[in-house]
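Colleague: Just the structure for this:
(2 chains)
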Amino acid sequence: KNQVEQSPQSLIILEGKNCTLQCNYTVSPFSNLRWYKQDTGRGPVSLTIMTFSENTKSNGRYTATLDADTKQSSLHITASQLSDSASYICVVSAYNTDKLIFGTGTRLQVFP
Amino acid sequence: KAGVTQTPRYLIKTRGQQVTLSCSPISGHRSVSWYQQTPGQGLQFLFEYFSETQRNKGNFPGRFSGRQFSNSRSEMNVSTLELGDSALYLCASSLYRGEDTGELFFGEGSRLTVL
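Modeller: Model (predicted):
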């Protein structure tokens, strides 16, 4: 069964600290993996899209990594800011199925 | 370039009523997909439309329906509302058909509360 699991479910860090969010998937055949940021009460916004051949992709202070062999991805946030407080959703696409499998997200809270 | 616009942003209904939500995609985007988001379940796929045709459908009862117009605007309808239908309904548009091929751009959502 195609599944996407994210950990931790929630995370609290202090402003300025780094953090790493995890995403494990069992989707096959794999097409691409996306990370979205969703502020409370708003729609998700795309951070990165990674295909099979990409190991690392950065978007400002956000860096996503992908290990297609172990079917794991991580999202690393550097020098966190209060505005990073949001839910981060990992989404995996199965090749040639036109379907996306969503993780339930990690809720990050950054405190001053 | 305007983003994805969803209306209304908030609405309150009572059990048994029906509701219609609207989504205007980014100009030039022909694919529109709908999602239900609840705190415990995360984002659940409802359906996807491309060129006025439903291309994919999630595992939701027939009370949930949608359509797409020739200008790519889309509506979704929920009939005979139940308490469990309370959720944030998100619409996303993409340039190409199929979620797999294009980056999704989400609207701000319509927050439905069923009393």
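Colleague: buried residues in stretch A:40-47?
Modeller: A:Arg42, A:Gly43, A:Pro44, A:Leu47 (16 or more other C-beta atoms under 10 Å in any protein chain shown). For glycine as for every other residue, the C-beta is placed from the backbone atoms N, C-alpha and C.
Colleague: and what of stretch A:54-67?
Modeller: Result for stretch A:54-67 [16+ other C-beta under 10 Å]: buried residues A:Lys57, A:Tyr62, A:Thr63, A:Ala64, A:Thr65, A:Leu66.
Colleague: Which of those fall within strands?
Modeller: A:Lys57, A:Tyr62, A:Thr63, A:Ala64, A:Thr65, A:Leu66 (DSSP state E).
Colleague: residue of chain B with the smallest distance to chain A?
Modeller: Going by C-beta to the nearest C-beta, chain A is nearest to B:Phe106 of chain B, at 3.4 Å.
Colleague: Remind me which helix or strand the closest residue to that residue other than its chain neighbours belongs to.
Modeller: Using C-beta to C-beta, 6 or more residues apart in numbering or on different chains and skipping residues adjacent in sequence, the residue nearest B:Phe106 is A:Gly43, 3.4 Å away. A:Gly43 is part of no helix or strand, with elements assigned from DSSP states H and E.
Colleague: Next up, the contacts around A:Gly43.
Modeller: B:Val4, B:Leu90, B:Ala92, B:Phe106, B:Gly107, B:Glu108, B:Gly109 (C-beta atoms under 8 Å, 6 or more residues apart in numbering or on different chains).
Colleague: The residues you listed: which two are farthest apart?
Modeller: B:Ala92 and B:Glu108 (11.4 Å; C-beta to C-beta).
Colleague: and those two? which has more neighbours close in?
Modeller: B:Ala92 (26 against 18; other C-beta atoms under 10 Å in any protein chain shown).
Colleague: For that one, which three-state class applies?
Modeller: strand (DSSP: H, G, I helix; E, B strand; the rest coil).
Colleague: give the contact list for the nearest residue to A:Phe102 once chain neighbours are set aside.
Modeller: Once flanking residues are discounted, A:Phe102 sits nearest to B:Leu43: 4.4 Å by C-beta to C-beta, 6+ apart. Listed by C-beta under 8 Å, 6+ apart, the contact partners of B:Leu43 are A:Pro44, A:Ile89, A:Phe102, B:Tyr35, B:Gln36, B:Gln37, B:Leu90.
Colleague: Hmm, B:Phe105 and the last one touching each other?
Modeller: Looking back up the chat, that one is B:Leu90. No: with contact defined as C-beta atoms under 8 Å, B:Leu90 does not count as touching B:Phe105 (10.8 Å).
Colleague: Neighbour count for the two, which is higher?
Modeller: B:Leu90 (26 against 19).
Colleague: Tell me the bridge partners for the more buried one.
Modeller: B:Tyr35 (DSSP bridges).
Colleague: Show me the shaky parts of the chain.
Modeller: In the absence of a named chain, chain A is used. Along chain A, segments meeting pLDDT under 70 span A:96-98.
Colleague: hmm, I had chain B in mind actually
Modeller: Scanning chain B residue by residue, the ranges that satisfy pLDDT under 70 are B:1, B:97-102.
Colleague: Quick check: residues of it near chain A?
Modeller: B:4, B:41-45, B:48, B:55-56, B:88, B:90, B:92, B:97-100, B:103-109, B:111 (C-beta under 8 Å from any C-beta of the partner chain).
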